[in-house]
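>>> got a predicted structure here, sequence first:
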Amino acid sequence: YTDEVGIKESALLKRLCFNCRAVQAPSWRKSKLNVGKILCNKCGIYESTHMTPRPLKTRPRRSNTEGGPPKKRKISKKQIQPQPQILLPSAE
């Protein structure tokens, strides 16, 4: 495997992403940060948009059940109970 741009891919020599070490990708891109190196499509797009190498470990996504503020539940009119009113004596 090779991560060099100048070396052509052949039956005996396959491409290797310089960043994540992937050997299969839908397309390959030239690195702008590491001139002469080749990147897989994911790493190449990330590098061109963020101008930094793509991190190998990403932050885990939060699921809907974990963390965050609690969701508001809809309350029907039947569930709402009237609050008793307290009358205070007037100060006369």
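Arrived safely, thanks for sending. Everything numeric here is computed off the predicted structure, so don't read it as measured data.

>>> please count neighbours and contacts with C-alpha atoms only from this point.
Fine.

>>> strands of the protein, start to end?
28-30, 38-40 (DSSP state E).

>>> buried deepest among those strands, which one?
Stretch with highest mean neighbour count among the strands of the chain: strand 38-40 (a mean of 26; mean count of other C-alpha atoms under 10 Å).

>>> rounded mean pLDDT for it, please.
Average pLDDT, strand 38-40: 94.

>>> contact partners of that strand?
By C-alpha atoms under 8 Å, 6 or more residues apart in numbering, the surrounding residues in contact with strand 38-40 are 3-5, 15-19, 22, 24-31.

>>> list buried residues within these.
Buried members of the contacts of strand 38-40, scored by 16 or more other C-alpha atoms under 10 Å, are 3-5, 15-19, 28-31.

>>> closest one of those to residue 45?
Of all those, residue 45 sits closest to residue 29, with 8.3 Å by C-alpha to C-alpha.

>>> what's the closest one in contact with, if anything?
Residue 29 neighbours (C-alpha under 8 Å, 6+ apart): 38-41, 44.

>>> what of residue 30?
Contacts of residue 30 (C-alpha under 8 Å, 6+ apart): 5, 36-39, 44.

>>> for residue 18, same thing?
Taking C-alpha under 8 Å, 6+ apart, one finds 3, 37-39 in contact with residue 18.

>>> state the number of residues packed around residue 43.
23 (other C-alpha atoms under 10 Å).

>>> the chain: helices as residue ranges?
41-50 (DSSP state H).

>>> show me the shaky parts of it.
58-84, 91-92 (pLDDT under 70).

>>> just flag the most distant two among the contacts of residue 29.
Farthest pair in the contacts of residue 29, by C-alpha to C-alpha: 38 and 41, 9.6 Å.
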